[in-house]
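A.B. asks: Fold the following for me, if possible:
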Amino acid sequence: MAHEDGALNAQEPTNVHLKTNEKLETFYETHEKLGEGKFGYVYKVTEKSTGNTYAAKFIKLTPKSKKEVTEEINLMNKIHHERLVFLYDAYQTSKELIMVMELISGGELFQKIVDEDNLNEADAARYLIQILQGVHYMHCKNIVHLDLKPENVMCVPRPGNKDDIKLIDFGMSKVLEDGKELKVACGTPEFVAPEVISFEPIHLASDMWSVGVISYVLLSGLSPFMGEDDNETINNVCTGMWDFETDDDFFDDVSQLAKDFIGELLKKNPRERNTAERCLTHEWILKAPEFEAKKLKTDHMKKFIARRRWAKTGNALRALTKLGSLKKERL
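C.D. replies: Numbers count the residues shown, from 1 in each chain. You can find the predicted model right below:
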């Protein structure tokens, strides 16, 4: 079992549970809709007693959603860290489940990068340090996120235009137990590790593959395993074959140290991947702030974001789940 790192900055723990005898509107005022997805809707809410604002996620109540939300709440009760979104409250009505969470107003990291169009390696390393801090904290508790992707990396505005990073969405996260193998069929094909697709036992290292893909996209705007469709993407991930050769030479301006950082994560064998702890002391992470502030190209990242926005994520997840089910039937 991994040990917690006392140097990590954790928030004050809380023990949230689903309240069935109280109503959200008694304590919160609901405002505009912030977003929606396959799960339901997110609204901005204000706590009446303090004036503090939060994000409330409304999920349709079904036996399946009740089980999933209960598991997510139990897991979020175990993780309190400045790099992870914080859960404050939860309610159950006759029709809905409601999770009241920290409001993150800075938007997705990749969209911020495209909007500002001023990314260099020092900035990329600073963002990755914060992602790794959140991942390392989870891994210290033997929790694997399993859905690390750009949409789940959010910005918290800070003075001086130096946003902080927070990871969100722990609906797929799992606690790994010593001596017990765990196999899952979940995640997003473009970012999921080969062992997940192959329905082999998952590891903390399964997250590190995803960090490697995020790093590759962050530095180039290109996706190392993207195919013409979900099945081709899944096959590309299964082979584990990738390189830094691109038509537009987008990696020509990227340092060898950065390439080494990515290469030590995108290894098909999970036991050969760098851990989050080792990544935080990688030479590139330590030296990147000293690099000449040469602007990296973001042209392809704009296309990447547009494609992700229009992607049929539900179909991708179903394709991955179906593949996992087929693997399971063969075992």
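A.B. asks: Just give me the neighbour total for residue 20.
C.D. replies: By other CB atoms under 10 Å, 9 other residues sit near residue 20. All C-beta atoms are positioned from the backbone trio N, CA, C, and that covers glycine.
A.B. asks: Next one: it from residue 34, what distance?
C.D. replies: According to CB to CB, to the nearest Å, residue 20 and residue 34 sit 25 Å apart.
A.B. asks: How about residue 71?
C.D. replies: Distance from residue 71 to residue 34, by CB to CB: 24 Å.
A.B. asks: Repeat that for residue 124.
C.D. replies: Applying CB to CB, the value for residue 124 to residue 34 is 27 Å.
A.B. asks: Of the two, which one has the most company?
C.D. replies: The neighbour count for residue 124 versus residue 34, taken as other CB under 10 Å, is higher for residue 124 (20 against 16).
A.B. asks: following the host helix or strand of the more buried one, which helix or strand shows up next?
C.D. replies: Using DSSP states H and E, residue 124 sits in helix 121-140. As assigned by DSSP H and E, the chain's next helix or strand after helix 121-140 is strand 143-144.
A.B. asks: Give me the mean pLDDT for that next one.
C.D. replies: For strand 143-144, the mean pLDDT works out to 98.
A.B. asks: and the helix or strand that it is followed by, what does it pack onto?
C.D. replies: Using DSSP H and E, the helix or strand that follows strand 143-144 towards the C-terminus is strand 153-156. In this structure, strand 153-156 makes packing contacts with helix 109-116, strand 164-167, judged by 3 or more CB pairs under 8 Å, 6 or more residues apart in numbering; DSSP states H and E.
A.B. asks: repeat that with 10 Å
C.D. replies: helix 109-116, helix 121-140, strand 164-167 (3 or more CB pairs under 10 Å, 6 or more residues apart in numbering; DSSP states H and E).
A.B. asks: can you list the ones you listed in JSON lines and add distance to residue 28 and mean pLDDT?
C.D. replies: Shown next, in JSON lines, are these (distance: least, CB to CB, whole Å; pLDDT from 0 to 100):
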{"stretch": "helix 109-116", "distance to residue 28": "28", "mean pLDDT": "90"}
{"stretch": "helix 121-140", "distance to residue 28": "27", "mean pLDDT": "96"}
{"stretch": "strand 164-167", "distance to residue 28": "21", "mean pLDDT": "95"}
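A.B. asks: Name all residues that make contact with the residue nearest to residue 215 when sequence neighbours are not counted.
C.D. replies: Spatially, and ignoring its direct neighbours in sequence, residue 215 is nearest to residue 262 (5.0 Å; CB to CB, 6 or more residues apart in numbering). Shown in contact with residue 262 (CB atoms under 10 Å, 6 or more residues apart in numbering): 211-216, 218-220, 224, 242, 244, 251, 254, 284.
A.B. asks: Perfect, that will be all.
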